[in-house]
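Novice: Give me a 3D structure for the following:
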Amino acid sequence: MRAHNERLVLTILRRHGPMAKAEIARATGLSAQTVSVMMRRLEEEGFLRRGEPLRGKVGQPSVPMRLAGSGAYFGGLKIGRRSADLVLTDFLGKVMSRARITYDFPRPEATVRFACDTFKQLSGQLDPVKRARIAGLGVAMPFRLWDWATSLGLAPEEMEGWRDYDIATELENGLDLPIFMQNDASAACGAELVFGAEDRASDFLYFYLGYFAGGGVVLNNQLFTGRNGNAGALGSIPVPDGQGGLVQLIDRASLCVLERAMRAADHETASLWEPPAAWDVPPGILSNWVQEAGRGLAHAIVSSVCVLDLSEVMIDGWLPTHVRDDLVTMTNAALDKMDLSGIQRPTVRPGHVGPDARVLGAASLPLSHRFLIE
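Specialist: This is a model prediction of the structure:
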């Protein structure tokens, strides 16, 4: 019960920001004495710190309590089709340090070697006390990587090494830390859930556009992944191909589609896999992709809302901010032209985490496991 109550307090403070003890008591339903004892203990253990007293009211000044960034640290590893990112974050989700590699396709042993060697370097920058507060490494990666060889333009055997590779065990042996695994798109959705805006809905649909389009579903402030971990596999939703047929959303709204268009025009594509601020995409090609992706997203949204009756949809991705915003505008415009009889039109808005959503979602896995409640 003590552990549950402490997690409850940490979850509330993460969601709503600094609060006084009396406010926390009201929010949790716990007695003022219980909250006082618990807050004192969490402060002594380094998870909370006091804010400046708020004066001007009758009685003792109110002292807001907030999360302490040095309370714990977390590693996040994103393994993508074209790049891998590694971050070390603090208790607030602030990135303390980071590293990344790009490649033609991911190889198991090389990826683990990058993660172990680099994480040791990043964590070595912390003093011994802080280093002892590292709670684990989260890993966000596509499930069944070997199924995507053809989409990456590879022979199937080049990705076959992932089929029987136990990356969690290899990382745990190399780092001596707890390892937590999740699908990359679900992890991005989890980052929005943990680090996103306070005013978001408690139920929402989430799209993340990376090499492939994917996403996640949040119901009652919980990431819903389903029995096999594939709930929210939004990239697999059938959408019109513009020629009278159907294709999966990944064939309309993924960055691999943009990459193919750039290559067909003999344009270099390496910038797509660098941080989005460095994108170098011809405006005409980018505009066409945004239009087609927006139409595909609109159809996927309608299909999803028919089943789940969600009021809010967020769109994010490995995208420059202005491209993400244009994509939201195009998706809304496409929805306005569709027959929505019988369903409530959802609000479509940009996500709040941005390109780092997958790697921050990975870092949120040990954070959620150790310090939050669903």
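Novice: what residues does stretch 100-114 touch?
Specialist: For stretch 100-114, the external contacting residues (CB atoms under 8 Å, 6 or more residues apart in numbering) are 79-86, 99, 145, 152, 154, 158-159, 161-162, 165, 167, 170-171, 174, 270, 273-274. All C-beta atoms are positioned from the backbone trio N, CA, C, and that covers glycine.
Novice: mind redoing it with 7 Å?
Specialist: 79, 81-85, 145, 152, 154, 158-159, 161-162, 165, 167, 170-171, 174, 273 (CB atoms under 7 Å, 6 or more residues apart in numbering).
Novice: Out of these, which end up buried?
Specialist: The neighbour count (16 or more other CB atoms under 10 Å) marks 79, 81-85, 145, 152, 159, 162, 165, 167, 170-171, 174, 273 as buried among the contacts of stretch 100-114.
Novice: Can you pull the phi/psi pair for residue 338?
Specialist: Backbone torsions for residue 338, taken as degrees, to the nearest 10, come to phi -100, psi 150.
Novice: count of neighbours near it?
Specialist: Using other CB atoms under 10 Å, residue 338 has 13 other residues around it.
Novice: Could you report the neighbour count for residue 320?
Specialist: Number of residues near residue 320 (other CB under 10 Å) recorded here: 18.
Novice: tell me which of the buried ones among the contacts of stretch 100-114 is nearest to residue 245?
Specialist: residue 152 (23.6 Å; CB to CB).
Novice: for the closest one, what are its contacts?
Specialist: 81, 105.
Novice: what's the spacing between it and residue 142?
Specialist: 11 Å (CB to CB, to the nearest Å).
Novice: And for residue 333?
Specialist: Residue 333 is 30 Å from residue 142, by CB to CB.
Novice: got the phi/psi numbers for residue 99?
Specialist: phi -150, psi 160.
Novice: Correct me if wrong: it contacts residue 84.
Specialist: No - here residue 99 does not reach residue 84: they are 8.9 Å apart, not a contact under CB atoms under 7 Å.
Novice: For residue 21, list the residues it contacts.
Specialist: By CB under 7 Å, 6+ apart, residue 21 lies in contact with 32, 35, 36, 39, 65.
Novice: go with 10 Å
Specialist: 9, 32, 35, 36, 38, 39, 40, 62, 63, 64, 65 (CB atoms under 10 Å, 6 or more residues apart in numbering).
Novice: And residue 258, by the same measure?
Specialist: Residue 258 touches 209, 211, 269, 272, 279, 281, 285-286, 288-290, 292-293, 319, 323, counting by CB under 10 Å, 6+ apart.
Novice: Could you measure from residue 207 over to residue 314?
Specialist: For residue 207, the distance to residue 314 - CB to CB - is 7 Å.
Novice: So these two - more neighbours on which side?
Specialist: residue 207 (30 against 27).
Novice: Give me the residues contacting stretch 284-292.
Specialist: Contacts for stretch 284-292 (CB under 10 Å, 6+ apart): 239, 241-242, 251-255, 257-262, 264-265, 267, 279, 281-282, 319-320, 323-324, 326-327, 329-331, 333-334.
Novice: Mark which of the residues you listed are buried, thanks.
Specialist: Buried, going by 16+ other CB under 10 Å: 239, 251-255, 257-259, 261-262, 279, 281, 319-320, 323-324, 326-327, 330-331, 334, out of those.
Novice: Show me what the lowest-mean-pLDDT helix or strand in the chain is packed against.
Specialist: In the chain, no helix or strand scores lower on mean pLDDT, DSSP states H and E than strand 222-224, which sits at a mean of 87. Identification of packing neighbours for strand 222-224 by 3 or more CB pairs under 10 Å, 6 or more residues apart in numbering; DSSP states H and E yields helix 184-195, strand 213-219, helix 357-371.
Novice: nearest to residue 343, of these?
Specialist: strand 213-219 (16.4 Å).
Novice: Which neighbouring elements make contact with the closest one?
Specialist: Against strand 213-219 (3+ CB pairs under 10 Å, 6+ apart) you get strand 179-183, helix 184-195, strand 204-209, strand 222-224, helix 250-253, helix 255-264, helix 283-308, strand 312-317.
Novice: mind checking the SS state of residue 247?
Specialist: Assigned with DSSP: H, G, I helix; E, B strand; the rest coil, residue 247 falls in the strand class.
Novice: Give the full set of residues in contact with the residue nearest to it when sequence neighbours are not counted.
Specialist: Residue nearest to residue 247 in three dimensions, not counting chain neighbours: residue 241, with 4.4 Å by CB to CB, 6 or more residues apart in numbering. Residues near residue 241 by CB under 10 Å, 6+ apart: 247, 248, 251, 252, 292, 296.
Novice: One more pass at 8 Å, please.
Specialist: 247, 251, 252 are the contacts of residue 241 under CB under 8 Å, 6+ apart.
Novice: so can I have JSON lines of the residues you listed showing pLDDT and distance to residue 91?
Specialist: What follows is the contacts of residue 241, written out as JSON lines (pLDDT from 0 to 100; distance: CB to CB, whole Å):
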{"residue": "247", "pLDDT": "95", "distance to residue 91": "43"}
{"residue": "251", "pLDDT": "94", "distance to residue 91": "40"}
{"residue": "252", "pLDDT": "95", "distance to residue 91": "39"}
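Novice: Strands of the stretch 1-150 of the chain, start to end?
Specialist: Applying DSSP state E, counting those that start in this stretch to the stretch 1-150 of the chain gives strands spanning 48-50, 65-67, 73-79, 83-89, 95-102, 134-141.
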